[in-house]
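Asker: Fold the following.
(chains A and B)
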Amino acid sequence: MNYQRIIFALSIIIMLIGLAMVFPLLWSLYYGDFDFYALLLSSSLTFLVGLIGYKKTKLEGNFLNKEVFCIVTLGWLLASFFGSLPYLFAGVFSSFADAFFETMSGFTTTGATVLTDIEALPHGILFWRSLTHWLGGMGIIVLFVALFPSVGIGGMQMFQAEAPGGSLAKKLKPRISETAKILWSIYLIMTMVETALLYVLGMPFFDALCHTFGTVATGGFSTKNASIGYYNNVGIQWVITIFMFLAGANFALYYQVFRTKKLEVYARNSEFKLYSFFVVLAIFLVTCGIYPGGGNALGESIRQAAFQVVSIITTTGYGTADFAQWPYFTQTILVVLMFIGGCAGSTGGAIKVARLLVLIKEAKLELQRTLHPRAILDLKIDGKSISQENVVNILQFFFLYLVIVSLGTIFMTLGGLDLVTAFTSVVTTLGNVGPGLAMAGPTQNYSFLPAAGKYFLSFLMFLGRLELYTVLVLFLPSFWRKG
Amino acid sequence: MRVIIIGAGKIGFNIAKILVEENYDVVIIEKQEERAKNVQEYLDVEVFIGNGATRSLLEKAGVEEAVLLVAVTESDEVNMIACMVGKTYGVEKTIARVRNPEYAHESRKRKDTFPGIDFLINPELVTAKEVAKLIDVPEALDVVYYAEGKIQLLELKIPEAAPVAHQQVKELKFDYPFLIVAIVRKKRIIIPRGDDVIYPEDIIFVLAKTKEMIEVERLLGTERKRVERVMIFGGNYAGYHLAKILENKRYSVKIIEKEYNKCVELAKNLDSTMVLYGDATDIDFLTNEGTGNVDVFVCLTDDDKLNLLVSLIVKNLGVQRTIAQVRRSDYVSLLENVGIDVGISPRTLTANKILRFIHKGDDILSVTLLSNENAEMTELLISKDSPVANKKLKNLNFPHGSLIGSIYRKNQVIIPKGDDILKPGDSVTVFALPEVAVKTLNYITG
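Answerer: Purely as a prediction, here's the structure:
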């Protein structure tokens, strides 16, 4: 491995994080808050570290496969490390574990928090919290690839190592840096439209921007303790529901619709159809669960169900109601949705609908194989055949996902947590959702956990965001062997 | 008129034979000396030996005076280039045989064919389309459409218990207009008159409106059976095309292929069709896959003997209808005696298709050869100065052995009677025996 190359790429990523901190700095200046110096210090320190690394190294040759994995995983760890500086300098958290958990939760768009009183935070810190969502949603590495096309060949591997859905995410243009630029542009447009809509519906501009970051990145950080419930505005809730749904769909489809000017693109995409089917079915079931005897009108029940279902399946984690108080049946459905997640190529987390689609089709084929032993069956999605390696990759992903959930739950119960809290906290952080049930419920936070628990859940968020393989490959002994 | 045919394989030979009979000056370019000799021996044509896609040889063959160039060598690329080169000399019509589906693939963006090629013919696709027609109308031995698909011509075998058996043609009074154009009995073609009798085992050619044909068939006693399950044996191009056509029409299709790699390729390119890897002569395998319940079984391998054997096996297992591809067109008529329901010769079909294109003129819309080339059906336009225009049919003197089958006027289908009148602008189908075909056309066009 060529460490110069790795440090070079990492330095650029660190500089990007440092530059990003300038935006909360401006907000802090605007509001005249006390966190100005903390942000100034973290921003300049981060940028400086990056700059030194950048100046001391040179980019020579092409990235090896191994190096790409190093850059993506270390890039995310370093981003979370430097990203936690503002919290520490501003004195929001006294322990590093808390600050790291909050930053990792931000970048991975999980939206789980260790804060008890969000509204007490200064504006600059609040903005940084939401901005980490926005950067992590479309991807720090994707941004890096978009801005530095010179990474060349390695760009494609980096993109795949980070993009949700891995190889199932489509390349839109012959050049990967062009693809990354298009994705970021769509993301930017979506952000502007939602911010404008929320602002028009009566949300203050600062709040509108922060909540938009939380929506389009399917993050879930709010600037209010009561999350979206604070506004008690039906219009705002529907706008956020719709944008969460859009952010959970494949971004490549927006580009295809824009290019072909045909909405049929959606009707022909079986992943999108399955995703919509899951959403509609879950809304129906949850409505059935909460309407009778729930004390709300049917319209209100549907709205609550829709908001919560979309919020969970897209792995956003915003709340308008405390679903931990809902009937067990609806809670179970929401927990199942935590496993599903958004589409490949979206900003959502968890297993992804595309993988489930392959798993469902493979199950069907397996049944056919039993009935027709001589049949040669080919797994196709939208007319394209999926290679056997891809199918195995997805089956393995599913297996690893379940293994990690099991081991994680065992680890969490080791500290004395009850099963529901332990299980849902693992599922929700691995899937980058945010809220779980019981002690990890939507109105609770994770501050009660010991430091070890916080680091462990941070690791799960990181593992979930980079879709297991990218991180786990670093644990292979042969990865570190020379030659 | 000079015609250049490149490639003297089965199809090239067949076309040359027919064109010579039609008084064209035929020049053949063939690479293999053996074949060239064979052609020279049997046909009255000029033969050059060499690569037909070269300027030098085409010039020698008189490409400048040629009105038609037919490129039917084994190589798709040679055929395509020959047409392109020929076109630069001003050849009016060029026809290339292209078998690779990747070349012949119809693009949604460009409707035209390749530059310089007027007509791409894909024998496997032609075969597949023909078989698909026979599956849509499974009781028919042949199906032809006229007037933009609004008129259907079926070749049907009259069953023993048919209500029309032993009846005179004039006694048949149905609520739907129809016309029995010809009866084939003991290999002889009869153009029926009112007092002719229909016997069981007769093969009749019947014309009717496409949407009323089902009713006409019910009255004739050749009722249409619904086909749902189709099994194809042989995963070559033809099998692939057929499976593709049928799965788009929502039939339930299974295809059997004995080469593993071909199976994988088929599975990749087909959608709902189930690809089975196995040997179709293995009866256990066939029984396990429920072959007995299949409505139509189609044999499309390149091996005639294998097609024949498998057809007999599946017939024995209880398959309703079998269709088999036979490379040697002279075997087709034999097959039907052995118990195979329909034999299909890709060579005849392709030659037929090419001839249709060659004959297509301003007035002539299409020409179809029927009943093993023993009769012709021509679809043509009645022009303003046609001697038959504006006259009652019964007052016209059509040559013996010919008749008007249908009239298509302003989106209206007329199955004509003696009092009907032919008007300029009508498109009519004319049935004729080969010996009077030219005479009949001349009588109409004047």
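
Asker: what does the stretch 251-400 of chain B have sitting close to chain A?
Answerer: Residues of the stretch 251-400 of chain B lying close to chain A (C-beta under 8 Å from any C-beta of the partner chain) are B:260, B:263-264, B:266-268, B:271, B:274-278, B:285, B:288-289. Where you see a C-beta, it was placed from the backbone N, CA and C, and this is true even at glycine.

Asker: let's see it at 10 Å
Answerer: Residues of the stretch 251-400 of chain B lying near chain A by C-beta under 10 Å from any C-beta of the partner chain: B:254-257, B:260, B:262-272, B:274-279, B:282, B:285, B:288-290.

Asker: Selecting buried members of those in ChimeraX, what would you type?
Answerer: Buried subset of these, written as a ChimeraX selection, criterion 16 or more other C-beta atoms under 10 Å in any protein chain shown:
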select /B:254,255,256,257,262,263,264,265,266,267,269,270,274,275,276,277,278,285,289
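
Asker: Mind checking which of the residues of the stretch 251-400 of chain B next to chain A are in strands?
Answerer: B:Lys254, B:Ile255, B:Ile256, B:Glu257, B:Met274, B:Val275, B:Leu276, B:Tyr277 (DSSP state E).

Asker: The fourth one against B:Thr273, yeah?
Answerer: No. In this structure, B:Glu257 is not within contact of B:Thr273 by C-beta atoms under 10 Å, at 11.1 Å.

Asker: Give the residues shared as contacts by those two.
Answerer: Both B:Glu257 and B:Thr273 are contacted by B:Ile232, B:Gly239, B:Tyr240, B:Leu266, B:Ala267, under the criterion C-beta atoms under 10 Å, 6 or more residues apart in numbering or on different chains.

Asker: from those, which is closest to A:Met244?
Answerer: Of all the shared contacts of B:Glu257 and B:Thr273, B:Ala267 has the smallest distance to A:Met244: 38.5 Å, by C-beta to C-beta.

Asker: Figure out the helix or strand that residue 47 lives in.
Answerer: Assuming you mean chain A. Per DSSP states H and E, A:Phe47 falls inside helix A:36-56.

Asker: Please refer instead to chain B.
Answerer: Per DSSP H and E: strand B:46-49 holds B:Val47.

Asker: what residues are up against the residue of chain A found nearest chain B?
Answerer: Here chain A gets closest to chain B at one residue, A:Asp378, 3.7 Å apart by C-beta to the nearest C-beta. Taking C-beta under 10 Å, 6+ apart, we find A:Asp378 in contact with A:365, A:385-388, B:263-271, B:275.

Asker: Low-confidence regions, chain A specifically.
Answerer: Residues of chain A meeting the criterion pLDDT under 70: A:150-153, A:165-171, A:483.

Asker: quick check: longest helix of it.
Answerer: Scanning chain A for the helix with the most residues, using DSSP state H, yields helix A:388-414.

Asker: contacting residues for A:Gly431?
Answerer: By C-beta under 10 Å, 6+ apart, A:Gly431 lies in contact with A:110, A:312-313, A:315, A:317, A:335, A:337-341, A:348-351, A:401, A:405, A:460-461, A:464-465.

Asker: whoops, A:Phe459 was the one
Answerer: By C-beta under 10 Å, 6+ apart, the residues touching A:Phe459 are A:Leu77, A:Met104, A:Gly408, A:Thr429, A:Leu430, A:Val471.

Asker: helix or strand for it, which one?
Answerer: Using DSSP H and E, A:Phe459 sits in helix A:451-465.

Asker: CA atoms only: put that helix into CSV for me.
Answerer: Only the C-alpha atoms of helix A:451-465 are listed here, as CSV (Å, rounded to 0.1, in the frame of the first residue of the first chain):
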residue,chain,number,x,y,z
ALA,A,451,-19.3,5.1,27.0
ALA,A,452,-18.7,1.6,25.7
GLY,A,453,-22.3,1.4,24.6
LYS,A,454,-22.0,4.7,22.8
TYR,A,455,-18.9,3.7,21.0
PHE,A,456,-20.4,0.4,20.0
LEU,A,457,-23.5,2.0,18.6
SER,A,458,-21.4,4.6,16.7
PHE,A,459,-19.5,1.7,15.2
LEU,A,460,-22.8,0.1,14.1
MET,A,461,-23.9,3.3,12.5
PHE,A,462,-20.6,3.5,10.6
LEU,A,463,-20.9,-0.2,9.6
GLY,A,464,-24.4,0.3,8.4
ARG,A,465,-23.7,3.5,6.4
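
Asker: related to what we said a few turns ago, any chance of TSV for the ones in strands among the residues of the stretch 251-400 of chain B next to chain A, columns pLDDT?
Answerer: Below are those laid out as TSV (pLDDT from 0 to 100):
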residue	pLDDT
B:Lys254	94
B:Ile255	95
B:Ile256	95
B:Glu257	94
B:Met274	93
B:Val275	94
B:Leu276	94
B:Tyr277	94
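
Asker: for the residues you listed, which one is nearest A:Arg481?
Answerer: For those, the residue nearest A:Arg481 by C-beta to C-beta is B:Tyr277; the value is 41.5 Å.

Asker: So that closest one is in contact with A:Ile376, correct?
Answerer: Yes. If you go by C-beta under 10 Å, B:Tyr277 and A:Ile376 touch, sitting 5.0 Å apart.

Asker: what touches both of those two?
Answerer: Taking C-beta under 10 Å, 6+ apart as the contact definition, B:Tyr277 and A:Ile376 share the neighbouring residues B:Gly235, B:Glu257, B:Tyr260, B:Lys262, B:Cys263, B:Val264, B:Leu266, B:Ala267.

Asker: picking that back up, between the shared contacts of B:Glu257 and B:Thr273, which is closest to A:Phe206?
Answerer: When those are compared against A:Phe206 (criterion: C-beta to C-beta), the nearest one is B:Ala267, at 56.3 Å.
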